[in-house]
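> fold the following, please.
(one chain, ligands or ions: 1)
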Amino acid sequence: MSSIRNALNHAAITLATRHKGAMLESEVLLAYALEKSRTWLHTWPERELTKAQLARFNALVERRLQGEPSAYITGEREFWSLSLEVTPDTLIPRPDTELLVELALEHIPRDEVFNIADLGTGTGAIALAIATERPRSHIFAVDYSADALAVAERNRTRHGLDNVTLRRGDWLTPLNELTFQVIVSNPPYIREDDSHLNQGDLPFEPRRALVAADNGLEDIRKIVADSRAQLAPNGSLLIEHGFDQAAAVTQLFKEHDYTNVTAHRDLSGQPRVVSGQYNSQIK
Ligand SMILES: C[S@@+](CC[C@H](N)C(=O)[O-])C[C@H]1O[C@@H](n2cnc3c(N)ncnc32)[C@H](O)[C@@H]1O
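Next up, the predicted model:
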């Protein structure tokens, strides 16, 4: 027999040998094993676990010890206060990407009807976050992966967001009849030889969600070039990139005649998003 508190402490000590944030991970896994919330665990720390509950929890901890991301074990990850289904077909949404959402929202007035594109939507994280904050706008979300789009569709339905349309295809190709006031993207941007690909959760995530050719810049280059034809006059493009790519991405925006090109830093001071505007009318 073991109390909730003891089971959590024991698992956290074990997980700490491999992972950061071991107590949080333990709580997430025990809450999932018991089908309760983390708040419930905090409310009942002395409650004894049954043998079956403890065995279930220990099996989950063992999977995590083997490296499997806890979001894939539980099938859930929170992003922008939205609980999202996550599968091995999708990237696990990162807290860092909330910066891209915050910046995009600054370009989308609450009371106007804007067309927004989210390129490479994965779980739908960015599109759904924007859709909840800007219910009058319509968000068109694209992914090349049919399996990822199926997850995004279930997340769209789960949150009842009728102002999101999902389309399958290569970046802007499935949206070619539309123009957008704002285009956002968190595309693959990791170099093929980057050693981070062997670390943390990354070996478990879809390679096509992570890796891009040309020093990680191939997809960003294409999106910067092709967005020009589909941005409304003075429309904005915002792209997330790797912490060491701000200069290269800024340069790409400028080479393609975007104006007001700005590199934005996250809370830890790393530049992670470049934005710019394009006005086809003055070309
Ligand atoms: C870094 S993940 C971002 C996922 C999600 N937007 C997020 O922030 O959590 C990049 C996404 O781009 C998609 N992708 C890769 N190549 C693509 C392409 N040529 N056209 C459209 N989507 C693509 C991947 O399937 C993946 O879902």
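> is the longest strand along the chain in proximity to the ligand?
Taking DSSP state E as the criterion, the chain has its longest strand at strand 231-240. No. For a cut-off given as C-beta under 6 Å from any ligand atom, strand 231-240 has no contacts with the ligand; the smallest distance is 7.2 Å. (Each C-beta comes from the backbone N, C-alpha and C, glycine too.)
> residues touching that strand, excluding its own?
Outside strand 231-240, the residues within contact range by C-beta atoms under 8 Å, 6 or more residues apart in numbering are 96-97, 99-100, 103-104, 107, 115, 179-187, 189, 220, 223-224, 227, 249, 253, 258, 272-281.
> ok, and which of these reach the ligand?
Among the contacts of strand 231-240, the ligand is touched by T97, N186, P187 when using C-beta under 6 Å from any ligand atom.
> so which of these wins on neighbours?
Counting neighbours by other C-beta atoms under 10 Å, N186 leads these with 26 neighbours.
> the closest residue in space to it that isn't next to it in sequence: neighbouring residues, count only.
The shortest distance from N186 to any non-neighbouring residue, by C-beta to C-beta, 6 or more residues apart in numbering, is to E240 (4.1 Å). E240 has 25 neighbouring residues, counting by other C-beta under 10 Å.
> how about the helices in this structure?
For the chain, helices defined by DSSP state H occupy the ranges 4-15, 22-34, 38-43, 51-65, 70-74, 98-106, 125-133, 146-158, 207-210, 218-227, 246-255.
> mean pLDDT and mean neighbour count for those - can I get that in TSV?
Converted to TSV, those look like this (pLDDT from 0 to 100; neighbours: other C-beta atoms under 10 Å):
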stretch	mean pLDDT	mean neighbour count
helix 4-15	96	18
helix 22-34	96	20
helix 38-43	96	13
helix 51-65	97	16
helix 70-74	97	20
helix 98-106	98	19
helix 125-133	98	25
helix 146-158	98	18
helix 207-210	97	16
helix 218-227	98	20
helix 246-255	98	17
